[in-house]
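K.L.:
predicted model and sequence follow; I will ask about them next.
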Protein chains: 4
Amino acid sequence: MPTILGQNQYGKAENRVVKITRDGDTHHIKDLNVSIALSGDMEDVHYSGSNANVLPTDTTKNTVYAFAKEYGIASAEQFGIHLARHFVNSQEPIHRARIRIEEYGWERIETSESGSRFIGADEVKHSFVRKGQETRLTQITYDGERWEVISGLKDLVVMNSTNSEFWGYVKDKYTTLPEAYDRILATQVAGRWRFNWTDDTQRAPQWEKSYAQVRKHMLQAFAETYSLSLQQTMYQMGSRIINHRSEIDEVRFSLPNKHHFLVDLEPFGLKNDNEVYYAADRPYGLIEATILRDGCEAHIPQDLTNL
Amino acid sequence: MPTILGQNQYGKAENRVVKITRDGDTHHIKDLNVSIALSGDMEDVHYSGSNANVLPTDTTKNTVYAFAKEYGIASAEQFGIHLARHFVNSQEPIHRARIRIEEYGWERIETSESGSRFIGADEVKHSFVRKGQETRLTQITYDGERWEVISGLKDLVVMNSTNSEFWGYVKDKYTTLPEAYDRILATQVAGRWRFNWTDDTQRAPQWEKSYAQVRKHMLQAFAETYSLSLQQTMYQMGSRIINHRSEIDEVRFSLPNKHHFLVDLEPFGLKNDNEVYYAADRPYGLIEATILRDGCEAHIPQDLTNL
Amino acid sequence: MPTILGQNQYGKAENRVVKITRDGDTHHIKDLNVSIALSGDMEDVHYSGSNANVLPTDTTKNTVYAFAKEYGIASAEQFGIHLARHFVNSQEPIHRARIRIEEYGWERIETSESGSRFIGADEVKHSFVRKGQETRLTQITYDGERWEVISGLKDLVVMNSTNSEFWGYVKDKYTTLPEAYDRILATQVAGRWRFNWTDDTQRAPQWEKSYAQVRKHMLQAFAETYSLSLQQTMYQMGSRIINHRSEIDEVRFSLPNKHHFLVDLEPFGLKNDNEVYYAADRPYGLIEATILRDGCEAHIPQDLTNL
Amino acid sequence: MPTILGQNQYGKAENRVVKITRDGDTHHIKDLNVSIALSGDMEDVHYSGSNANVLPTDTTKNTVYAFAKEYGIASAEQFGIHLARHFVNSQEPIHRARIRIEEYGWERIETSESGSRFIGADEVKHSFVRKGQETRLTQITYDGERWEVISGLKDLVVMNSTNSEFWGYVKDKYTTLPEAYDRILATQVAGRWRFNWTDDTQRAPQWEKSYAQVRKHMLQAFAETYSLSLQQTMYQMGSRIINHRSEIDEVRFSLPNKHHFLVDLEPFGLKNDNEVYYAADRPYGLIEATILRDGCEAHIPQDLTNL
């Protein structure tokens, strides 16, 4: 046979599961999009079409819904761990499971200040509005022995309206960009961070608290860094996470430089004193890097966005 | 000539303008997407290609940026009024201007609790994160005499996890749906509301305050209505707006019923006690209506979403 | 009651139906996305939540699938007519049905030139690749007496790399655009055309042939018009349709001017002789008009794209 | 320093360039979206914000446009090779360049059969309609010594309406799927293939011809394989490419199983004889694999879609 099979995986992608937990009248939501990828002894199905080792993708979907009932969803990370362990441990031909989860946040709708005319204010403990800001992410990989947990987020858009400069760069024959001493710095954060928890015998991180703290440190580093380049700001964001969160050894960012160009108003007899900007779509600078705890190895895939 | 020209309009669409206003160290953002549509004596350009009456769309773009400097952006509505008035009053062939604006909200990034190690906390008065929830909308139309202002929003996703039923409906030979006595009700709100301000001699509404209040009443009506149908909830949302906001005479909604189907867990020996749902994409119910102040006429176009 | 109900409609949107017709070994595909909107005696469901007049949207979905079997899908238009007639005629409270359909085209995969080594070439009469060019559209409206059929398309991207000029336009204080004597003209066509068939006693148009012919004349008019403005080209496109197709009385277009800007290469010591262009995203000119057969009234909604 | 910098890269992404080549009256289009990623001695800009080694992303954009003039665009691959060589060879701190390109296809508009009434038929040699089917892709990587060229495509949607089965799979307690002996098999192909050309001293492949041939063999393998699983079909697609194209050593696919579910029409007294299908959106099976020429190593990244 002149061709052979290389790395392969399969499973059901984008299983949308919403779990409602009732604490008396107060409801809680977990809203996930779960994708399963399984690998193992799968030569036959590729070479001959024999499905003797294939657990159907439809079954992996059913398992997501059944597990939401059986185990609940304490966090996306914990839920992914249950799923990955199940597939590897229960299916002889499956040697590795990778669970990817997107999580959408919700917050409660504030109710009428002074008692609704319609129904009691306590009733609205079941009413929610989707936050709509970043999408939270996690990826759980399990090979029967070790865990790799990489969490993160995407689509978090941030802007500093000052305290950003860009000058002192290389100039070649194709360089026309003027130096900037006070510019807008804006980006749409895609980030991932890898936990150093790898073994069931270790104490697991507090997944929900960890996410909130990482997000906070990352945003503060963005806000508080006086920026000479987006690379410098990005490094501060990653470094701040690792310095404050001992459970994390590695961070990777993919940061588009969402250009805001100062509009030339001189043709209209007006002076644009860093007031009026054109927010451009394409092209955009794309700045990507891994930031590591000293002594640790990099494992997060480099290509977060395929751009 | 066997064919004639009917209604027509032209202009530059999707001009992205970001305006930074500096109040000492504290910055404020307005982030708009402005689309211009002009109508008037435009037969020649269609019949012969003569541009003698055509103000270039590029000029309408320039005007957006120049006006952001000249007039500032107190609100999307006020900015649209300046633009519409300008095009109709300054260009003889232009008889009508329609300005559509999308507005993206931003909130401040919270800074380090107790003084940053990097720079002073007061510096971060220029750091923002995009809200990412609904997109605010307005449409200003001016014909040289009267104004029509229709504001609204899109992409605001809301959910009630209980207090929704659906039963007692018509059954024909194609009906298989079982009645529901406790279901999730979720939708992605697209709404528009028309102001009764039409004349420069009237006192104009407080555009920013009006938006915040309409949004609040709409969300509260959604949360507080015990729902027997999405139509009923929608009517309450519109009615609540009109009853609380005297500046508004008409509301229109286009509400997709974002179905959350209870997953059948019985094949796995599990009981699903309104806990585990599958969030479906397509198809979806689409519920649309106009709600009017009694005695007023409807002017909001019926087709908000082209779905 | 201080508020009243205005125009309203409801139904299941985006029902994706694929119909395979087998002509011996040769298969044929119809691939549709069907949206239903019903109106009538619907006050109660809005005011009180009584569903006594409400045929569930789920039932309208079931009807789409059942009718694909019962009637087949000779064309999107014919299929929509069956559906609209059914809802209005079979449901007392329903007075008007509007059926919107998107259709996705497929073409056959070409097979091995000289007999496959795998299986017989005749087998591949069931293999297709999606065309992926325009999406075909139709909208059928029926009130129990008269029909309105508006067909069209969207997302058909066309370009002339020369034979387009733009000059002789109005210049005001905000005008900076230089005149152009040889530019690229490109657009993404959104078009609708209304048939003059309104009554079951008239002979119905040949829907499939009509679509192919309209598309052909529209593209040829785009290609063959030496353009002094996009408005002129647009008018020619509509006029050509009406002049060649007696079944059509009205056309409406919404044409974004997909700007291709000549890149300034002089800073690099290069001359750009209409060779290298930057294809911009936003903003863009948006040119819209209705073209009518003389003596006919306009009925196509003006807002095809909500931009 | 407790944190260190890992892999990093930067550049301008999504530079949209359209190149018109004039062969007398006959024009030719190349329509590309070019993304640049550069790596090298970039510690300083991350640690301190010094841009002394940073060629601005804006300059990389300018280079794309200048090179379109200087070198033309014979193929996306050849154009990417020019760019990658330039950045690595001309900039001391740059050690590696990765150029990603999307290409959009265009075809000529057919003109009036028998001489236009408007202008001569030869004029329309400059009129095009965008193909809109797959997007062609390539990625060029150069480190100053060796080349890696990975080409591919995305968004090519294909369907077999019969000759697909799925049975004989593993059943566990969460399995409810019935076996299928005649189903629709449809997917949206994302594929990449790696050339074994790595060195300037080797004769380069004919990039345009290679693409056309790979696409043909891939489609034919899809059409001609009697499928017992999507994995089997995928393997045939990759194997056919490698067997027919000696310039390619490795193929990777990411194939969503675009489910078409047979609709249960029995509640309506109808029999669905493989005629009426519901085309589902989410979830979907996702089947991914690498197919290699025997003896070759895998280099294509596993994560083509980030799903």
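P.N.:
Yep, that arrived. Numbering: from 1, shown residues only, chains lettered A, B, ... in the order given.
K.L.:
what about the closest residue to A:His28 other than its chain neighbours, how many residues nearby?
P.N.:
Among residues not flanking A:His28 along the chain, A:Thr21 sits closest, at 4.4 Å (CB to CB, 6 or more residues apart in numbering or on different chains). For every residue, glycine as well, the C-beta is placed using N, CA and C. For A:Thr21, the neighbour count with other CB atoms under 10 Å in any protein chain shown is 14.
K.L.:
pull the CA atoms of stretch A:293-305 into PDB?
P.N.:
Output of stretch A:293-305 as PDB, limited to C-alpha atoms (Å, rounded to 0.1, in the frame of the first residue of the first chain):
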ATOM      1  CA  ARG A 293       7.000  30.000  33.500                       C
ATOM      2  CA  ASP A 294      10.800  29.800  33.400                       C
ATOM      3  CA  GLY A 295      11.800  26.100  33.200                       C
ATOM      4  CA  CYS A 296       8.500  24.900  31.700                       C
ATOM      5  CA  GLU A 297       7.900  23.500  28.200                       C
ATOM      6  CA  ALA A 298       5.400  24.900  25.700                       C
ATOM      7  CA  HIS A 299       2.500  22.700  24.800                       C
ATOM      8  CA  ILE A 300      -0.300  25.000  23.700                       C
ATOM      9  CA  PRO A 301      -0.700  24.800  19.900                       C
ATOM     10  CA  GLN A 302       0.600  27.900  18.100                       C
ATOM     11  CA  ASP A 303      -2.300  28.300  15.800                       C
ATOM     12  CA  LEU A 304      -5.200  29.600  17.800                       C
ATOM     13  CA  THR A 305      -7.100  31.300  15.100                       C
END
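K.L.:
how far off centre is it?
P.N.:
14 Å (CA atoms, centre = their mean, to the nearest Å).
K.L.:
over to stretch A:65-84?
P.N.:
On CA atoms, centre = their mean, the centre of stretch A:65-84 falls 18 Å from that of its chain.
K.L.:
could you do stretch A:231-242 as well?
P.N.:
Per CA atoms, centre = their mean, the centroid offset for stretch A:231-242 relative to its chain is 16 Å.
K.L.:
state which helix of chain A is the longest.
P.N.:
Ranked by residue count and defined by DSSP state H, the top helix of chain A is helix A:207-224.
K.L.:
now do the SS call for A:Asp281.
P.N.:
Following DSSP: H, G, I helix; E, B strand; the rest coil, we place A:Asp281 in the coil state.
K.L.:
not counting sequence-adjacent ones, nearest residue to it?
P.N.:
Once flanking residues are discounted, A:Asp281 sits nearest to C:Asp281: 4.4 Å by CB to CB, 6+ apart.
K.L.:
tell me how many other residues crowd that neighbour.
P.N.:
Counted with other CB under 10 Å, the neighbours of C:Asp281 add up to 15.
K.L.:
my guess is A:Met234 contacts A:Thr290, does it?
P.N.:
No - A:Met234 lies out of contact with A:Thr290 (CB atoms under 8 Å); the separation is 10.4 Å.
K.L.:
so the two - more neighbours on which side?
P.N.:
A:Met234 (31 against 20).
K.L.:
now find how far off-centre the helix or strand encompassing A:Leu83 is within its chain.
P.N.:
A:Leu83 belongs to helix A:76-90 when assigned by DSSP states H and E. Relative to its parent chain, helix A:76-90 has a centroid offset of 19 Å by CA atoms, centre = their mean.
K.L.:
list the buried ones in it?
P.N.:
For helix A:76-90, the buried set under the neighbour-count rule, 16 or more other CB atoms under 10 Å in any protein chain shown, comprises A:76-88.
K.L.:
need the residues of the stretch 51-200 of chain A near chain B, please.
P.N.:
Residues of the stretch 51-200 of chain A lying near chain B by CB under 8 Å from any CB of the partner chain: A:62, A:65-66, A:68-70, A:106, A:109-112, A:116, A:118-119, A:123-124, A:126-134, A:155-163, A:184.
K.L.:
among those residues, which lie within helices?
P.N.:
The members of these that map onto helices under DSSP H are A:Asn62, A:Tyr65, A:Ala66, A:Ala68, A:Lys69, A:Glu70.
K.L.:
hmm, the longest helix of chain A in reach of chain B?
P.N.:
Yes - contact of helix A:207-224 with chain B (CB under 8 Å from any CB) involves A:Lys216, A:Leu219, A:Gln220, A:Ala221, A:Phe222, A:Ala223, A:Glu224.
K.L.:
so which of those residues is the closest to chain C?
P.N.:
Within those, the smallest distance to chain C is 25.7 Å, found for A:Phe222 (CB to the nearest CB).
K.L.:
and the pLDDT for the closest residue to chain C within the stretch 151-300 of chain A?
P.N.:
Chain C sits closest to A:Asp281 of the stretch 151-300 of chain A, with a gap of 4.4 Å, by CB to the nearest CB. Model confidence at A:Asp281, given as pLDDT, is 97.
K.L.:
can you give me the helices in the stretch 151-300 of chain A?
P.N.:
A:207-224, A:230-244 (DSSP state H, counting those that start in this stretch).
K.L.:
which one, of the ones you listed, ends up nearest to B:Ile140?
P.N.:
For B:Ile140, the closest of those is helix A:207-224, at 34.8 Å, according to CB to CB.
K.L.:
buried residues of that closest one, list them for me.
P.N.:
Result for helix A:207-224 [16+ other CB under 10 Å]: buried residues A:207, A:210-211, A:213-224.
K.L.:
ok, stretch A:51-71 next?
P.N.:
Residues A:51, A:53-69 are the ones in stretch A:51-71 that count as buried (16+ other CB under 10 Å).
K.L.:
next: stretch A:11-30.
P.N.:
By neighbour count on 16+ other CB under 10 Å, the buried set for stretch A:11-30 is A:11-20, A:27, A:29-30.
K.L.:
which members of the residues you listed are the farthest-apart pair?
P.N.:
Among the buried residues of stretch A:11-30, A:Gly11 and A:His27 lie farthest apart (CB to CB), at 30.4 Å.
K.L.:
residue contacts, A:Arg146?
P.N.:
Shown in contact with A:Arg146 (CB atoms under 8 Å, 6 or more residues apart in numbering or on different chains): A:Thr198, A:Asp199.
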